[in-house]
Each structure stands twice: as C-alpha cells, then as structure tokens.
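K.L.:
Any chance you can model this:
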Amino acid sequence: MLGHKERGQLELFMTGSLRQLIPDDYILAKVDRVLDLTWLRAEVSDLYCEHNGRPGIDPEVAVRLMLAGFLLGIVHDRRLMREAQVNLGIRWFIGYGLHEALPDHSFLTRIRQRWGVERFRRIFERTVEACIAAKIAKGDVVHVDASLIRADVSWESLAMRHVEAVAEANEDASVAERDSRKTGKFKKVCVTDPDATMATSGRNRRLEPSFKQHAVVDDVCGVVLDVEVTTGEINEGQVIIERIDATIETTGVDVEIVTADAGYAYARVFGGFERRGISAVIPTKAEPIRSPVPMRRFRYDAKNDTLKCPRGKTLRPTRPVKHGRFFYSKAADCRGCDLARLCLSKGRANKAVVVGDDYPALLRARRRREKWTEEDRRLYQRHRWRSEGFHGEAKSWHGLARAVRRGLSNMKIQSYLTAAAINLKRLAVAFLRLFLLVTSPQATICELRNAFSRILLPQTFINARGAA
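P.N.:
Numbering: from 1, shown residues only. As a prediction, the model looks like this:
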C-alpha cells in the first residue's frame with residue numbers, strides 16, 4: 001500500500017535540550033566536548049564599558065558562531081546567519097533556542113573590528129596550548145610550508161602602477177618604462193585591496209592578486225602550531241626563522257628538527273637554524289649556472305675568510321652588500337690566467353664574486369643532503385602530506401581557497417580561525433578515541449592508566465566509564 005504523510009506541521013512541542021536532536025558524531029557536537037572559552041570574557045572585557053550602553057553579544061557566542069562557520073565551510077557572514085536560522089546544530093552550539101532571534105550578521109564585522117587581529121591570534125594559540133597539554137602535539141619535529149590564497153578582488157580592479165607621473169610629463173617615456181620594469185614599478189597593483197600583491201605558485205601559471213599563508217605543522221597529529229599571513233610577494237625564506245621562534249614561544253618546547261621544501265634552501269635559513277641548534281631537513285637547490293666558471297668551482301676558506309678560484313688564486317672580501325660581501329681577485333692574478341676569457345665579465349680586469357653571509361652553512365647543508373639517512377627521507381615524506389595536507393584541507397573544507405574579506409588584517413583573522421578550527425578537530429578526534437577506550441568494557445587497567453597519563457579527560461568521560 002502506498003503510504004501518505006501529512007506535511008503540515010501546525011505546532012512543535014518539545015521537552016529537553018536541542019542536544020537530544022544532534023547526532024553524537026556531528027562535527028559541532030564533537031568539537032563542543034573540547035572547546036573551552038571560559039577565559040574569553042576576561043580577555044576582551046577592556047573593550048567594553050562595564051556600566052553604560054546596551055548589552056553586547058556574548059563574546060563566546062560570537063567566537064562559537066565564527067568557528068561553526070569555518071568548521072562547516074560556511075565562511076561568509078550573511079550565509080552563515082541564514083544557515084543558523086534553520087540549522088539546529090548551529091543554534092545548539094552557540095546556545096540559542098528555537099524561539100530566540102539571532103543577531104544581525106553585521107555584529108560579526110563589528111566584533112572583528114573591535115577585537116583586532118591579536119585577540120584572534122590568542123584564540124588560535126589557546127587551541128595550540130590545549131593540543132600540547134593533551135599530548136597530541138610535541139613541538140620538537142615540525143614541518144613548514146607556505147601557500148598562496150587568492151585575494152577577494154576581480155581582475156577589473158587591477159591597474160598598472162603609474163610610472164613616476166608618466167616620467168615627469170613625458171620627458172622620456174621609453175627610458176621611464178625600461179627603468180620601471182627593472183625597479184618593479186611596472187607591476188600591476190590591486191586598487192580595491194592594496195595589501196594583496198601579484199604572485200604565482202608556478203612559472204607556467206599567471207600572476208594573481210594573492211596573500212601568502214605560512215604555517216608550522218607538528219609531526220605527531222598534524223596540529224597547526226603557528227600560522228601567519230603576509231602579502232603574496234613575500235618570499236617564504238624571509239619569514240621561516242621568525243615563525244620557528246614564534247612556535248617555540250607559543251609551545252614552550254625547543255624545536256629540534258624542521259622540514260621544508262627547496263623553496264626555503266637559502267644560506268641565511270641554514271645559518272639561522274645552525275645558530276639555534278636546529279637540524280634542517282631541507283633539500284638544497286641546484287646552483288644556477290650563469291657563467292662558464294660557476295660558483296661551485298670556487299673554494300671558500302671559512303677560517304681565513306678567503307675564496308680561492310679554480311686556479312688557486314685568492315680572492316679577498318671587500319665591500320658588503322645585502323646578505324653578503326664582494327670578494328675580489330687581483331688583476332695581476334687574472335692577467336695571465338688561461339680561464340680569464342671564460343671567467344671574467346666583459347671589460348673587467350679582475351674577478352668579483354658575491355658570497356652570502358652564511359655561505360659555509362649552505363655548503364654543509366649541501367654535503368648533508370648527499371648523506372641523508374632513512375630517517376631524514378622519512379621525515380621529508382611526512383612533510384609532504386603533513387604540511388601540504390593542512391593547506392589542502394584548509395582550502396578544500398574550510399573556505400581558505402579564497403580570501404573572504406579584503407585587507408591583510410581580515411585575512412589574518414580568517415587564517416587564525418581556520419587553523420583554530422582544524423586544531424579543535426584534531427583535539428576532538430583524540431578525545432573521542434580515548435572516550436571509546438574509557439567506556440569500553442574490554443579496556444584493561446593498564447590501557448586506562450596509559451590513557452589518563454597521555455591526556456586529561458573531562459569529568460563527563462570519567463562518569464561515562466563509571467556508568468558503563
């Protein structure tokens with residue numbers, strides 16, 4: 001017999017909590033078990049008047065609503081509030097009943113503007129501290145990588161940078177254009193979001209207005225220990241040292257091993273890690289051959305701070321340049337050399353070579369790369385799916401493929417909340433595994449003791465074990 005269901009629902013009667021309607025395996029239900037925002041009110045209390053004005057939205061409601069959006073991949077405020085109107089899970093997660101009217105979406109914008117970037121970074125750092133305390137992150141072995149994030153602008157908003165007022169009223173347009181190409185003034189800029197700069201992730205791909213996210217990911221469970229956003233044109237090698245220092249400050253644990261791809265293989269990076277006692281598992285780049293007599297044929301003597309050419313003549317340091325110094329040979333040594341025709345530039349009587357400040361560290365890294373152990377190769381393989389996996393997860397599932405709002409500060413807030421949501425997912429999975437162990441009748445005393453030694457279980461988990 002064909003069934004029939006009356007679709008009219010004139011009244012809704014309900015007793016109990018909305019939690020009874022939420023499945024236990026729903027992402028917001030799992031994250032709620034590990035989310036602690038009791039500290040937040042004191043953190044932002046200095047931004048609100050204690051006695052005057054209308055009562056504002058509860059800070060915990062605002063953060064829970066933002067985190068719910070990033071956990072569910074709903075990153076736009078208007079769409080998030082429309083979804084919260086009908087989604088029982090979001091209403092329960094933020095503490096609103098079915099009869100309560102939700103605030104307007106604009107309050108989220110005002111919250112971001114009032115709190116500022118640093119308070120959202122503090123929310124992210126709290127998730128890192130929770131993961132460290134739960135021992136699902138150690139902080140001694142980390143993976144570093146960067147990824148471009150497309151800015152929230154259209155191609156029509158790009159404009160060519162004005163070339164010095166058209167070379168001072170067309171004095172010499174051809175010379176001005178040639179100079180502008182060399183100095184970078186010829187590059188396109190974004191009018192609607194000046195913080196976004198033109199960048200690309202490959203030589204065969206076009207430049208796009210972008211930001212760049214730099215992330216430090218723990219080796220154990222993929223917890224994000226540090227994240228920072230810069231403009232797209234910033235080279236990742238410029239910020240890796242300070243990101244590792246920030247990671248150490250956040251976790252309180254000394255980093256022992258750092259893995260990264262060849263985009264970080266600079267002398268100053270290897271030198272910075274050596275001074276900090278950190279082992280760098282980074283494949284060194286092949287030396288670009290711009291001369292018939294390449295740099296690798298010159299031998300640097302770190303003890304005497306001299307450089308020797310392929311024929312054994314000494315080049316000595318002179319004037320400094322950015323990140324290095326010039327080494328010059330004597331004209332008399334080059335005059336009768338059989339390599340002078342290939343080695344010297346046109347019109348020069350002696351050889352000039354720039355050696356980086358941490359060039360010896362780069363040489364040691366090249367020698368180490370040739371002797372990588374199986375453990376080094378294993379760690380580098382883990383880097384590929386730990387660090388790059390985080391960026392892929394953030395872009396595919398949590399809306400980080402494109403900036404939601406304009407400006408570097410808004411992009412940082414989006415990045416911090418995305419990383420916080422992913423860390424809460426990692427923490428929720430760890431608690432769920434231990435919860436299943438604690439509530440299992442087959443769990444032995446030894447297994448329970450090890451579980452309690454690894455992580456501090458909430459009282460609800462302990463009660464559940466007693467009830468079982």
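
K.L.:
what sits against the nearest residue to Phe431 once chain neighbours are set aside?
P.N.:
Excluding the flanking residues, the one nearest Phe431 by C-beta to C-beta, 6 or more residues apart in numbering is Val34, at 5.3 Å. C-beta: built from backbone N, CA, C; applies to glycine. Val34 makes contacts with Ala130, Leu424, Leu427, Ala428, Phe431, as judged by C-beta atoms under 8 Å, 6 or more residues apart in numbering.

K.L.:
if you set the cut-off to 6 Å instead, what comes out?
P.N.:
Leu427, Ala428, Phe431 (C-beta atoms under 6 Å, 6 or more residues apart in numbering).

K.L.:
Dump these to JSON lines, plus secondary structure.
P.N.:
Converted to JSON lines, the contacts of Val34 look like this (DSSP: H, G, I helix; E, B strand; the rest coil):
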{"residue": "Leu427", "secondary structure": "helix"}
{"residue": "Ala428", "secondary structure": "helix"}
{"residue": "Phe431", "secondary structure": "helix"}
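
K.L.:
for these, which one is nearest Met81?
P.N.:
The shortest distance between Met81 and any of those, using C-beta to C-beta, involves Ala428 and amounts to 24.4 Å.

K.L.:
pLDDT score for the closest residue to that closest one other than its chain neighbours?
P.N.:
Leaving aside its sequence neighbours, Ala428 sits nearest to Lys30 (C-beta to C-beta, 6+ apart; 4.1 Å). Listed pLDDT for Lys30 reads 93.

K.L.:
can you map out the strands along this protein?
P.N.:
In the chain, the strands defined using DSSP state E lie at 141-150, 158-160, 188-190, 197-199, 208-218, 224-231, 257-259, 279-281, 299-301, 306-308, 314-321, 324-328, 352-356.

K.L.:
quick one: which of these is nearest Ile240?
P.N.:
Closest to Ile240 of the strands of the chain, according to C-beta to C-beta: strand 141-150, at 5.7 Å.

K.L.:
Residues touching the closest one, excluding its own?
P.N.:
199, 201, 208, 210-214, 216-219, 232, 236, 240, 255, 257-260, 383, 386-388, 391, 402-403.

K.L.:
chain center to it, what's the gap?
P.N.:
Averaged C-alpha coordinates place strand 141-150 at 5 Å from its chain's average position (C-alpha atoms, centre = their mean, to the nearest Å).

K.L.:
just stretch 106-119 next, same as before
P.N.:
21 Å.

K.L.:
could I have it exported to CSV, CA atoms only?
P.N.:
Presented in CSV, the C-alpha positions along stretch 106-119 are these (Å, rounded to 0.1, in the frame of the first residue of the first chain):
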residue,chain,number,x,y,z
SER,A,106,26.8,42.9,10.9
PHE,A,107,27.7,42.2,14.5
LEU,A,108,30.4,39.8,13.3
THR,A,109,32.0,42.6,11.4
ARG,A,110,31.9,44.9,14.4
ILE,A,111,33.4,42.1,16.6
ARG,A,112,36.4,41.7,14.2
GLN,A,113,37.0,45.4,14.0
ARG,A,114,36.7,45.9,17.8
TRP,A,115,38.8,43.0,18.9
GLY,A,116,41.6,43.3,16.4
VAL,A,117,44.0,40.7,15.0
GLU,A,118,45.9,39.9,18.2
ARG,A,119,42.9,38.6,20.1
